[in-house]
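only geometry, no sequence info:
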């Protein structure tokens, strides 16, 4: 992503008319429910984010972040800000850095939809995984830090942090395939043959291996806040898709960046990784396996790993289709929603091509 394109996603802008809310009602709510709150709220909207509109609030010399469900007709189980609040609160004090949470409001009468308020964390949000302008050593350190934090998340016992009921143990992939097929069909704006093939292929090839850990669901470079000058993550954001699930499926989603090209997405496919100072996908996976105590890469079969990648590509196809549908309704939270929707078909084609490669390995 070039500098001008990055500017489209970074920073804040005035609150979009479609997402406007009653500042006075919000101020009254915060005065009652947020410890130490004073003053009158001023709000701006973050440019980034496609799903749940997110706002920077200023009041009484302090800054906060408000994340809300979007207005309009929503897909079933989507935009679960209540779940985000629960998991972020539960992870406080663990090795996974998260913002402090202040309040969850499920009363739609306050600003029109459910929302929560959390700490504003000052730092860097980076969008291009090639990390332009950095040295190879700096790039490698940031990728290693992302790897460390995700491994830390997958080592956490859900029961120990009060998340035993955060999702059903076992059968995660089967449920996810069914869920994202349903979501895709509900948001379908055009027929994509490759997506139809995937919907038939995925349920027939689910790996037998099954595990249950806390999974983020959307862990990537632009969903973490980095220290202003160090290769250290200060906060992991956007927990909307988190649940109890298979850690390797979660990690495979994170690794899609190695399969995406810069032209179709912010990806590393075709990049000179050695010159950039970045690991290969296999090296990155090996570091994760060692950190989670899994041993060698051979412990994960190429067929299973390929399936996890195909599934995650299909899931992203479903997400992009939902963005397209919201853009057509006029309530998508990012100005780039229409452009994001154009990636749906190429990604479905890429996923189906990889599925055929996985079949050839069997």
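In hand now; what should we look at? Remember, predicted model here, so these are calculated numbers, not experimental data.

rest of the way, CA atoms for contacts and neighbours
Fine.

Going along the chain, name the strands of the stretch 1-150 of the chain.
Counting by DSSP state E, counting those that start in this stretch, the segments of the stretch 1-150 of the chain that form strands are 12-13, 42-46, 54-59, 62-68, 101-105, 115-119.

Going by mean pLDDT, which of these comes out lowest?
Confidence, taken as mean pLDDT, is least for strand 12-13 of the strands of the stretch 1-150 of the chain (a mean of 91).

which secondary structure elements does the longest helix seen in the chain contact?
When secondary structure is assigned using DSSP state H, the longest helix within the chain turns out to be helix 302-329. Using 3 or more C-alpha pairs under 8 Å, 6 or more residues apart in numbering; DSSP states H and E, the elements in contact with helix 302-329 are helix 172-187, helix 193-204, helix 247-254, helix 337-341, helix 344-361.

contacting residues around residue 129?
Applying C-alpha atoms under 8 Å, 6 or more residues apart in numbering, one finds that residue 129 lies in contact with 221, 257, 266-268.

Domains in the protein, by residue range?
Using automatic domain parsing, the domain ranges for the chain come out as 3-119, 136-361.

I figured residue 198 hits residue 352, correct?
Yes - taking C-alpha atoms under 8 Å as the contact criterion, residue 198 and residue 352 are neighbours in contact, 6.2 Å apart.

and residue 127, which of the domains of the chain is closest to it?
Each of the domains of the chain was scored for nearness to residue 127 using C-alpha to C-alpha, and the closest is domain 136-361 (5.1 Å).

pLDDT averaged over the closest one - what is it?
The average pLDDT for domain 136-361 rounds to 92.

again, but for stretch 70-86
Rounded to a whole number, the mean pLDDT of stretch 70-86 is 74.

Dump the domains of the chain to JSON lines, plus mean neighbour count and distance to residue 130.
Written out in JSON lines, the entries for those read as follows (neighbours: other C-alpha atoms under 10 Å; distance: least, C-alpha to C-alpha, whole Å):
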{"stretch": "domain 3-119", "mean neighbour count": "17", "distance to residue 130": "13"}
{"stretch": "domain 136-361", "mean neighbour count": "18", "distance to residue 130": "7"}
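
Can I get the strands of the stretch 1-150 of the chain in TSV including distance to residue 167?
Shown next, in TSV, are the strands of the stretch 1-150 of the chain (distance: least, C-alpha to C-alpha, whole Å):
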stretch	distance to residue 167
strand 12-13	34
strand 42-46	29
strand 54-59	25
strand 62-68	22
strand 101-105	20
strand 115-119	21
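
picking that back up, kindly reformat the domains of the chain as CSV containing distance to residue 129.
As requested, the domains of the chain are arranged in CSV below (distance: least, C-alpha to C-alpha, whole Å):
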stretch, distance to residue 129
domain 3-119, 12
domain 136-361, 7
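
So for residue 125, which of these sits nearest?
Taking C-alpha to C-alpha as the criterion, residue 125 comes closest to domain 136-361 out of the domains of the chain, the separation being 5.2 Å.

which residues touch the residue lying closest to residue 141 once chain neighbours are set aside?
If you skip the residues right next to it in sequence, residue 141 has residue 231 as its closest partner in space, 5.9 Å away by C-alpha to C-alpha, 6 or more residues apart in numbering. Residues in contact with residue 231, defined by C-alpha under 8 Å, 6+ apart, are 138, 141-142, 145.

run the last query once more with 10 Å
Taking C-alpha atoms under 10 Å, 6 or more residues apart in numbering as the contact definition, residue 231 lies against 138-146.

Stretch 57-66: how far from the chain's middle?
What separates the centre of stretch 57-66 from the centre of its chain is 24 Å, taken as C-alpha atoms, centre = their mean, to the nearest Å.

who touches it?
For stretch 57-66, using C-alpha under 10 Å, 6+ apart, the contacting residues are 27, 30, 36-46, 52-56, 99-104, 115-122.

swap the cut-off to 7 Å and go again
Taking C-alpha atoms under 7 Å, 6 or more residues apart in numbering as the criterion, the residues outside stretch 57-66 that touch it are 38-44, 54-56, 115-120.

In a markdown table: the contacts of residue 231, plus distance to residue 215.
Putting the contacts of residue 231 into a markdown table (distance: C-alpha to C-alpha, whole Å) gives the following:
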| residue | distance to residue 215 |
| --- | --- |
| 138 | 27 |
| 139 | 25 |
| 140 | 24 |
| 141 | 23 |
| 142 | 21 |
| 143 | 19 |
| 144 | 19 |
| 145 | 17 |
| 146 | 14 |
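
nearest to residue 304, of the residues you listed?
Relative to residue 304, the closest of the contacts of residue 231 is residue 146; by C-alpha to C-alpha it sits at 22.8 Å.

Check the gap between that closest one and residue 324 for me.
Between residue 146 and residue 324 the computed distance is 29 Å (C-alpha to C-alpha, to the nearest Å).

Over to residue 70?
14 Å.

nearest residue to residue 38 other than its sequence neighbours?
When the adjacent residues along the chain are set aside, residue 38 lies closest to residue 60, with 5.0 Å between them (C-alpha to C-alpha, 6+ apart).

Residue 241 too?
Counting by C-alpha to C-alpha, 6+ apart, residue 241 lies nearest to residue 217, which is 4.9 Å off, once chain neighbours are set aside.
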